[in-house]
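>>> just to be clear, the model below is a prediction. Sequence and coordinates:
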Amino acid sequence: TVGDAVPPAQRSSWISFLKSIASFSGDLSSMTAPPFILSPVSLTEFPAYWCEHPELFSAISDAPDSERRAIAVLKWFISTLRAQYTSRTETMGSEKKPLNPVLGELFYGHWPDENGRGRLDLLVEQVSHHPPVTAYCMENRSKGLLFCGHNGQKTSFSGGSIIVKQVGHAVLKVKLADGNTEDFLITFPRLRIDGLWYGSPYIELVDTSYIISSTGSVCTIDYKGKGYFSGKSHSFKANLSVSAPMHATYAVEGLWHMQSKVAASSGSALAKGDPFFDATAPQEDVTAVGGEDNGEMGEFETRRLWEKVAKGIREGDFEMASREKTKIENEQRQRRRDEAAAGTKWPLKHFEYMPSDETYEWLGAVVRITPSTEEGYRFVGNWPASMTKD
Ligand code: HCR
């Protein structure tokens, strides 16, 4: 029945929350939700999910040609999905509502060099508050890999589920041995948040996302849930076509949170029936360094900014959480009023706004992407000094 997984005292506020999202479309993150569904983590920490398999990211640069590079990029991309979309359900019992970042909120982290994979750095900045947009960059300098993107969300309600269209895209730049660069445009899947009725939301991925490279490889990834082509939750099928060094096609299918295998192959890099990726295999230690407040954190670094709110949520002291959240929001409102009065704008620290991103338009045109043009955020290259040393 409705709200089975909701603490009895919060059932009526859960039902009101559901009613308000049913008649609402836009920025879900700013809506007030009952305490049991709140996560103590801000959305600015989410780009760290891209870094969960630093060895697979690093392996992209070891690929000898563009065919194997396209396969390595696909494998790394698939490897990030489990953490991105199921980790809160696995660790906290259901999807939760993350903290809504403030403009200028920052998150820095790095994954140390181990087994020759090279050090991986991550930098995240909240570049817009209304609507919320998070920009990020991750770099493995020793391997010549730079991945930058931005994410916003458009939400709507349909058939009892929340539908989240991810607005934004990312570009991976791979420095090649001959001095050239290969670019990969990566788009994101659409999300359906199911299980709302029972109070235990979880994510299903739907529709299609793309990975398109500047050497002519095109990968179309179709996502389906229970009751569609495989009848299993979290299913995907990726069709990859490469044109260099020779034309070849591959199909990979399976479950993105578990195992996938090669379903078809016309090339020599993979054979039909080969295992592709196992998201359940034990992983080497990938603990990130960063995020812990060693006294040097700036006031906008996410774990310092939200410290008291997060503590309140973790310890069940929702009065403190709400009081501290209101303080942050009021302080933000005041800043915006002061800026309006002074005729100034909050300066972004690491990114520059681009009304249209040429790489998106150029590579997206290959699949007649919609929309055909999209804004972007250019990383200005200013890694904090502490992150450029090993
Ligand atoms: C939709 C979502 C906020 C956005 C989160 C994104 C899309 C952010 C970019 C990451 O790379 C991937 C990602 C993963 C998350 O699954 C997704 C969040 C899931 C829930 C959250 C909603 C705003 C919260 C809705 C409230 C529900 C739980 C009642």
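Yes, it's here. Since the model is a prediction, treat every value here as computed from it, not as a measurement.
>>> what's the closest non-adjacent residue to residue 151?
What sits nearest to residue 151 in space, not counting adjacent residues and going by Cβ to Cβ, 6 or more residues apart in numbering, is residue 168, at 4.4 Å. For the C-beta atoms, the positions are set from N, CA and C on the backbone; glycine is no exception.
>>> tell me how many other residues crowd that neighbour.
Counted by other Cβ atoms under 10 Å, the residues lying close to residue 168 total 20.
>>> am I right that it falls within a strand?
Yes - secondary structure of residue 168 (DSSP: H, G, I helix; E, B strand; the rest coil): part of a strand.
>>> what residues does the stretch 101-250 of the chain have near the ligand?
Within the stretch 101-250 of the chain, the positions near the ligand by Cβ under 6 Å from any ligand atom are 151, 153, 164, 166, 191, 193, 201, 203.
>>> repeat that with 5 Å
For the stretch 101-250 of the chain, the residues in contact with the ligand (Cβ under 5 Å from any ligand atom) are 151, 164, 201.
>>> so of those, which ones are in strands?
In this view, those that belong to strands under DSSP state E are 151, 164.
>>> and the buried ones among the residues of the stretch 101-250 of the chain next to the ligand, selectable in ChimeraX?
The ChimeraX command for the buried members of those (criterion: 16 or more other Cβ atoms under 10 Å) is given here:
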select :151,164,201
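>>> show me which of the residues of the stretch 101-250 of the chain next to the ligand is closest to residue 361.
residue 151 (18.6 Å; Cβ to Cβ).
>>> and residue 303, how many residues sit next to it?
Residue 303: 18 neighbours (other Cβ under 10 Å).
>>> quick one: the residue nearest the centre of the chain from residue 61, how far?
Residue closest to the average C-alpha location in the chain (Cα atoms, centre = their mean): residue 47, at 4.9 Å. From residue 47 across to residue 61, the span is 20 Å (Cβ to Cβ, to the nearest Å).
>>> any idea what residue 262 is bridged to?
Judged by DSSP bridges, the bridge partners of residue 262 are residue 252.
>>> gap between it and residue 271?
Taken as Cβ to Cβ, the span from residue 262 to residue 271 is 7 Å.
>>> tell me which of these two has more neighbours.
Higher neighbour count among residue 262 and residue 271: residue 262, with 20 against 10, using other Cβ under 10 Å.
>>> pull the contacting residues for the more buried one.
Residue 262 makes contacts with 250, 251, 252, 270, 271, 272, 273, 274, 275, 276, as judged by Cβ atoms under 8 Å, 6 or more residues apart in numbering.
>>> may I ask which helix or strand encompasses the residue lying closest to the last one once chain neighbours are set aside?
I take that to be residue 276. Distances taken as Cβ to Cβ, 6+ apart put residue 260 closest to residue 276, at 4.4 Å, once the chain neighbours are dropped. Assigning secondary structure by DSSP states H and E places residue 260 in strand 259-265.
>>> quick one: mean pLDDT over that strand.
Mean pLDDT, computed over strand 259-265, is 98.
>>> same thing with stretch 57-77?
Here the average pLDDT along stretch 57-77 is 97.
>>> got the contact list for that stretch?
Contacts for stretch 57-77 (Cβ under 8 Å, 6+ apart): 50-51, 53, 56, 117-118, 120, 138, 140, 143-145, 147, 172, 174-175, 182, 184, 186, 211, 213, 215-217, 219, 221, 238, 240, 242, 244-246, 248, 250, 252, 267, 269-270, 276-277.
>>> how far off centre is it?
Its chain's C-alpha centre and that of stretch 57-77 lie 19 Å apart, by Cα atoms, centre = their mean, to the nearest Å.
>>> tell me which residues of that stretch are tucked away?
For stretch 57-77, by 16+ other Cβ under 10 Å, it's 57-61, 63, 66-77.
>>> just the ones of these in helices?
Of the buried residues of stretch 57-77, the ones assigned to helices by DSSP state H are 57-61, 66-77.
>>> how far away is residue 140 from the ligand?
19 Å (Cβ to the nearest ligand atom, to the nearest Å).
>>> which among the contacts of stretch 57-77 end up buried?
50-51, 53, 56, 117-118, 120, 138, 140, 143-145, 147, 172, 174, 182, 184, 186, 211, 213, 215, 217, 219, 221, 238, 240, 242, 244, 248, 250, 252, 267, 269-270, 276-277.
>>> right, I'll call it a day here.
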